[in-house]
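Asks: A predicted structure for the sequence below; I have some questions about it.
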Amino acid sequence: MNRYAFSDQVSFSMDIAWSDHSESHTDHYHINQMNCWRDLEPDGFLSHALEQAEQLQNETVTCRVDPGQLVRPWDAAEQITLSRSRFHPAAMFDTLVPGRFYPQGLITGLPGVFKGNTTPFRCLEKNARTVVADLNHPLARFPLTITLKDMTWDVQTKAERGGSCMDWIPSALSGPGLQAGFSSWPACFLTPRAFDRKNPQPDDLFYQTDRFVHHMDDQARQVLSDWYGSLLFPGGKILDLMAAWASHLPNELIFSEVHGLGMNAKELKINPRLTGFSVQNLNQNPVLTFPDHYFDAAVCSLSVEYLTDPVRVLAETARVVKPGGWLAISFSNRWFPEKNIRIWEDLHEFERMGLVLSWFRATGAFEQMATHSFRGYPRPVDDRYFPQLRLADPVFGVTGIVKSQKN
């Protein structure tokens with residue numbers, strides 16, 4: 001590795017790993033062209049990590065981070081009791097659910113908090129008159145393992161002397177932690193009308209229209225394909241649940257069978273990765289027709305937000321996947337708004353991983369459950385939303401391994 005100068009730029013991926021009880025979480029954050037002069041504090045975490053990588057002559061470095069080292073330490077005084085009158089609009093008080101996260105901008109009279117502030121707080125308790133709000137950072141109690149990898153340096157011949165700074169650590173740590181478990185899972189997600197949808201008509205009518213559209217940009221689709229590639233092995237039998245015209249499976253992996261189960265026969269027919277397909281409305285009939293332990297693994301890409309009985313579907317999927325096999329569910333921040341369940345829109349995108357994780361747990365059929373997030377990658381310049389959106393669509397994933405019958 002070449003010795004870097006403060007005029008240089010560096011790109012790398014930062015993996016933030018932490019555990020919550022029996023579940024593990026890894027938040028992947030890509031830092032693109034960090035300006036060493038503007039963005040590195042001399043005694044900051046990233047400066048020390050890059051210096052360590054330089055000393056070890058290694059482009060990968062792993063650091064252990066104690067709770068409260070990169071975010072404010074957990075403080076009992078940050079758990080405060082608030083009256084109904086402290087919330088604006090006042091009607092929001094009635095919608096608060098213990099266990100869920102909400103933006104601090106809903107609270108009036110908090111020092112340094114303005115209307116529209118999206119920094120989250122967790123509702124811990126609630127009665128008819130008051131709420132106990134936890135203002136601590138969601139990661140305040142967790143030790144972290146942070147790995148910097150895939151470093152590429154762009155040596156600049158002329159140093160910059162202007163521009164704005166980017167504080168990368170707060171950006172990377174904004175969101176992680178919201179998927180952490182809570183004692184009221186899954187009850188805090190089972191609010192009235194949680195599974196209502198804007199379009200209550202039968203799904204068969206909605207999906208009879210061909211929709212050959214992508215829900216993510218090219219970069220995000222590549223990230224998803226690479227992630228699936230890290231979980232699956234060649235030669236296996238794969239169930240592509242809620243499939244459409246693209247499966248997002250890595251092209252370099254050849255499987256003995258990929259069966260797509262979806263809602264539109266024309267879309268499934270042109271999917272090049274499928275060796276067979278069937279049309280089935282899982283909201284009407286969640287029972288899968290395959291024998292027990294038939295598949296080696298299953299994936300569900302960018303569709304889980306449409307399920308009205310997800311626990312039943314996940315339990316059925318666990319039945320048809322061999323013990324020790326993966327179920328990997330992925331999603332992003334785009335969907336068909338007519339058909340997503342109502343609670344999906346009510347949650348922060350990181351909290352949605354907690355929702356899906358609670359469904360895994362509710363089946364009792366999975367172990368070694370984990371969440372993954374992928375953010376910060378540059379959006380392709382030929383994408384329709386560039387340059388209005390500079391970053392690629394985020395990718396979120398939840399995985400579980402099917403338990404053996406002995407468990």
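Replies: All right, it came through fine. Numbering: from 1, shown residues only.

Asks: list the contacts for residue 239?
Replies: Residue 239 is in contact with 259, 261, 290, 295, 297-299, 317, 320-321, counting by CB atoms under 8 Å, 6 or more residues apart in numbering. For glycine as for every other residue, the C-beta is placed from the backbone atoms N, C-alpha and C.

Asks: If we use 6 Å, what do you get?
Replies: 259, 295, 298 (CB atoms under 6 Å, 6 or more residues apart in numbering).

Asks: for residue 92, same thing?
Replies: residue 106.

Asks: Could I get the pLDDT score of it?
Replies: Here the pLDDT value assigned to residue 92 is 93.

Asks: on that earlier part again, as a markdown table, the contacts of residue 239 with pLDDT, distance to residue 404 and neighbour count would be great.
Replies: Output for the contacts of residue 239, formatted as a markdown table (pLDDT from 0 to 100; distance: CB to CB, whole Å; neighbours: other CB atoms under 10 Å):
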| residue | pLDDT | distance to residue 404 | neighbour count |
| --- | --- | --- | --- |
| 259 | 98 | 23 | 22 |
| 295 | 98 | 16 | 25 |
| 298 | 98 | 17 | 24 |
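
Asks: and which of those residues is nearest residue 48?
Replies: Proximity of these to residue 48 (CB to CB) peaks at residue 298, which lies at 42.0 Å.

Asks: Look at the closest residue to residue 90 other than its chain neighbours and say how many residues are nearby.
Replies: Leaving aside its chain neighbours, residue 90 sits nearest to residue 84 (7.0 Å; criterion: CB to CB, 6 or more residues apart in numbering). Burial measure for residue 84: 15 neighbouring residues, criterion other CB atoms under 10 Å.

Asks: Output the contacting helices and strands for the strand or helix carrying residue 153.
Replies: Of the helices and strands defined by DSSP states H and E, residue 153 is found in strand 144-154. Under the contact criterion of 3 or more CB pairs under 6 Å, 6 or more residues apart in numbering; DSSP states H and E, strand 144-154 touches strand 9-20, strand 61-65.

Asks: Surely the residue nearest to residue 90 touches residue 93?
Replies: Yes. Taking contacts as CB atoms under 6 Å, residue 84 lies within contact range of residue 93: 4.7 Å.

Asks: before we move on, back to that, backbone torsions only: list them for the residue nearest to residue 90.
Replies: phi -50, psi -40 (degrees, to the nearest 10).

Asks: ditto for the one 10 residues further on
Replies: Phi and psi for residue 94, reported as degrees, to the nearest 10, are phi -70, psi -20.

Asks: picking that back up, quick one: average pLDDT of the strand holding residue 153?
Replies: Strand 144-154 comes out at a mean pLDDT of 92.

Asks: Direction included, what does that strand pair against?
Replies: strand 9-20 (antiparallel), strand 61-65 (antiparallel) (DSSP bridges).

Asks: helix or strand right after the first one?
Replies: The one in question is strand 9-20. Next along from strand 9-20, by DSSP H and E: strand 23-35.

Asks: tell me which residues in stretch 240-251 are buried?
Replies: By 16 or more other CB atoms under 10 Å, the buried positions in stretch 240-251 come out as 240-250.

Asks: Stretch 215-227 now?
Replies: 215-217, 219-225, 227.

Asks: What segments of the stretch 251-400 of the chain are strands?
Replies: Secondary structure of the stretch 251-400 of the chain by DSSP state E, counting those that start in this stretch: the strands cover 257-262, 276-279, 295-301, 321-331, 366-375, 395-402.
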